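K.L.:
Sequence and predicted structure below; questions after.
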2 protein chains.
Amino acid sequence: MVGILIVAHSERLASGVKEFAEQATHGQVPIVAVGGAVDGSLGISPEAIREGLRRIAGNDGVLVLVDFTSAALSVEAVLEDEASMRVVISNAPLVEGAYLAAVEASVGATLEEAAAAALRGRDLIKVQPDRRMRYQ
Amino acid sequence: MVGILIVAHSERLASGVKEFAEQATHGQVPIVAVGGAVDGSLGISPEAIREGLRRIAGNDGVLVLVDFTSAALSVEAVLEDEASMRVVISNAPLVEGAYLAAVEASVGATLEEAAAAALRGRDLIKVQPDRRMRYQ
């Protein structure tokens, strides 16, 4: 099964995304959340990313969802030394992408299929256009 | 100043988004996070949404960012009884939208400008296309 790595600048944010995606997939998909700097402040810990990747780097690969560019760059830097891992770093929105990818992975999707599902998070319609604006 | 309401199914997720957006704007923008059901489990509390809206419903309006459709529907239901509030519910991705809207609001944007900034979160390029795929 495809694993999902969530990388965010806030520990609470990363673990909240994991909590939500895990509930949707009943814990069937391996999801690891990495958030915050080593001291618990906002930031990114390359070492935590490396540990997270190693925990879920199975045969079916890892889809990485990030909050912003700097998180993606940290993952890329870690991957320089992890040549054997099969990984896709996604441009998808963090919460919506993680959710959709986890649901897809839970039914046995490939890494490419899970990555495609995550990207569909960009176009999610949460509220109908004609009801979106509410003015006094 | 425009206020931002974050509504998610997980308390941790909502407060993590708030934490991240507040750091980016040095706490200048009024941001309220509403997450989880009343008992702390995953879900949405209409009463918490109502309280949150009332806390930040100033003259410049409130931009609401949600994780999924059911959260947006809960906000719409609450607004049925809050006719005087100036509110936009956004289709933007939660984390990216909240961040971009908060930055925009912090420099004095209108509600419409903040809403437009949030939607730009859909097209964020976090990782360059040619570096996105990493295979064994």
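P.N.:
Happy to help now that I have it.
K.L.:
Now for the closest residue to residue A:21 other than its chain neighbours: which residues touch it?
P.N.:
Nearest-residue entry for residue A:21: residue A:102, 4.0 Å, with adjacent residues in sequence omitted and distances by Cβ to Cβ, 6 or more residues apart in numbering or on different chains. C-beta here means a position set from N, CA and C on the backbone, and glycine is covered the same way. Residues near residue A:102 by Cβ atoms under 8 Å, 6 or more residues apart in numbering or on different chains: A:4, A:21, A:22, A:24, A:25, A:29, A:31.
K.L.:
Which two among these are spaced furthest apart?
P.N.:
A:4 and A:24 (11.6 Å; Cβ to Cβ).
K.L.:
More neighbours: which of the two?
P.N.:
Between residue A:4 and residue A:24, residue A:4 has the larger neighbour count (other Cβ atoms under 10 Å in any protein chain shown), namely 29 against 18.
K.L.:
so how far is chain B from residue A:127?
P.N.:
4 Å (Cβ to the nearest Cβ, to the nearest Å).
K.L.:
likewise residue A:97?
P.N.:
Plainly put, residue A:97 is 8 Å away from chain B if you go by Cβ to the nearest Cβ.
K.L.:
ok, residue A:16 to residue B:128 distance?
P.N.:
28 Å (Cβ to Cβ, to the nearest Å).
K.L.:
Tell me what the residue nearest the centre of chain A is bridged to.
P.N.:
Nearest to the mean C-alpha position of chain A, counting by Cα atoms, centre = their mean, stands residue A:65 at 2.8 Å. Residues in a beta bridge with residue A:65, per DSSP bridges, are residue A:6.
K.L.:
just checking, it touches residue A:13?
P.N.:
No: assessed by Cβ atoms under 8 Å, residue A:65 is found out of contact with residue A:13, at 11.4 Å.
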